[in-house]
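> pasting the sequence and the predicted coordinates here, then a few questions.
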Amino acid sequence: MNASSQVSPAIGTPKNYRGRFAPSPTGPLHFGSLIAAVGSYLDARSQGGEWLVRMENIDTPRNVPGAAEQILATLEAFGFEWDGPVLWQSRRREAYQAALESLTAAGLVYGCACSRKEIADSAGRPAIDGGLAYPGLCRTGLPPGRAARAWRLRVDDREIAFTDRLQGRISQHLERDVGDFVLLRADGLFAYQLAVTVDDHFQGISDIVRGADLLASTPRQIWLQRCLGFAEPRYAHLPVASNAAGEKLSKQTLAPALATDRAAAELVAALCFLGQAAPAELAGAPLAEVWAWAFANWVFAAIPRLPAIPLSAPG
Ligand code: GLU
């Protein structure tokens, strides 16, 4: 065996690029989800990479019956072609349990008895994503007579920093801004942060391209990767579409479902939102023509940057 055959290509080289789109079936796809799908798909395909779809249906109370099937049908109607079977998080409980057990064995997890009200009353600082930074009340043990409701991962007193391909250097101090965070919730469900980290690793994802609304979650996922001994993927957080009132498009702000009978026009609008110079007349062209244009003309560097998003709680 010669030396060069022992060298495997580095993650992130075009040959090993693997991206993904990971919708939650809490409703139909809307224009905001289309941007994440288009951005991740074209980044993967333009580098000769694979692109996977994962259905993030772990948060069962938020799932809407039929939404997962509708999302997949919409992706197909828009002409997306994914590699391999869809991974369903609802079938992955054992993998999340195994990760939780390995973190517990490493002494990184503890049971927490706190209710939301107790956390708020203990002068928790507001956390960056609207919740409360957990002040560590159960960190040194449960209060007498109280049982654990949720299970938390310890964070430490250091900055987590990474370089986002679009947003540049991002850093967050987890202990100050987030606190020890929940892996297994009081309702018995695994938290998004754990599921997404375990699945991105399991699927061999090299590149995560998603909306900047998830930027504040990334340091927690990187911390989990480090605790679990996983490689860190590359990240690109895309600008997020908002409505006329300046609110992020989402199910909560009643963003309309994507119209599959206007797929070409919606796709052209998504390309333009992502800074691509799609000619206006393409909106009336057959869908295959829009994709052909997009594959031939995709320029990652044209994606607009965001105004800086604070990842630290004020004060
Ligand atoms: N399932 C998440 C959502 O729909 C996205 C997760 C991710 O891309 O990491 O918001």
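Okay, I see it.
> only alpha carbons, please: show the strand or helix carrying residue 33 as CSV.
Using DSSP states H and E, the element containing residue 33 is helix 31-46. What follows is helix 31-46, C-alpha atoms only, in CSV (Å, rounded to 0.1, in the frame of the first residue of the first chain):
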residue,chain,number,x,y,z
PHE,A,31,-41.7,30.4,1.2
GLY,A,32,-39.3,30.5,4.2
SER,A,33,-38.9,26.7,4.1
LEU,A,34,-38.4,26.9,0.3
ILE,A,35,-35.4,29.2,0.8
ALA,A,36,-33.7,26.7,3.1
ALA,A,37,-34.5,23.8,0.7
VAL,A,38,-33.2,25.7,-2.4
GLY,A,39,-30.1,27.0,-0.6
SER,A,40,-29.1,23.6,0.8
TYR,A,41,-29.9,21.8,-2.5
LEU,A,42,-28.0,24.1,-4.8
ASP,A,43,-25.0,24.3,-2.5
ALA,A,44,-24.8,20.5,-2.5
ARG,A,45,-25.4,20.0,-6.2
SER,A,46,-23.1,22.8,-7.3
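> which helices and strands sit right next to it?
strand 18-21, strand 50-55, strand 207-211, strand 234-238, helix 263-273, helix 287-297 (3 or more CB pairs under 8 Å, 6 or more residues apart in numbering; DSSP states H and E). Placement of C-beta: from N, CA and C, glycine included.
> what pLDDT does residue 55 get?
Per-residue confidence (pLDDT) for residue 55: 98.
> count the neighbours of it for me.
22 (other CB atoms under 10 Å).
> same question, residue 294
23.
> name the next helix or strand downstream of the lowest-mean-pLDDT helix or strand in the chain, please.
Lowest mean confidence among the helices and strands of the chain (mean pLDDT, DSSP states H and E): helix 116-121, at a mean of 83. Beyond helix 116-121 in the direction of the C-terminus, DSSP H and E gives the next helix or strand as strand 150-153.
> what is the mean pLDDT for that following strand?
Average pLDDT, strand 150-153: 98.
> quick one: contacts of the helix or strand following it?
Per DSSP H and E, strand 150-153 leads on to strand 159-164 as the next helix or strand towards the C-terminus. Applying CB atoms under 8 Å, 6 or more residues apart in numbering, the external contacts of strand 159-164 come out as 169-174, 215, 218-219, 222-223, 232, 235-237.
> one step back: same question for the helix holding residue 33, mean pLDDT?
97.
> got the angle between that helix and strand 234-238?
Relative orientation of helix 31-46 versus strand 234-238 (axes from the mean of the first three to the mean of the last three CA atoms, to 10 degrees): 140 degrees.
> residues of stretch 296-308 that come out buried?
Across stretch 296-308, burial judged by 16 or more other CB atoms under 10 Å covers 298, 300, 303.
> circling back to that earlier point, buried residues in the least confident helix or strand of the chain, which are they?
For helix 116-121, by 16+ other CB under 10 Å, it's 118-119.
> what is that helix packed up against?
Partner elements for helix 116-121 (3+ CB pairs under 8 Å, 6+ apart): none found.
> is it true that residue 289 touches residue 279?
No. Counting by CB atoms under 8 Å, residue 289 does not reach residue 279; the two are 10.7 Å apart.
> and for the closest residue to the ligand within the stretch 51-200 of the chain, the neighbour number?
The ligand sits closest to residue 56 of the stretch 51-200 of the chain, with a gap of 3.6 Å, by CB to the nearest ligand atom. Neighbourhood size, residue 56 [other CB under 10 Å]: 21.
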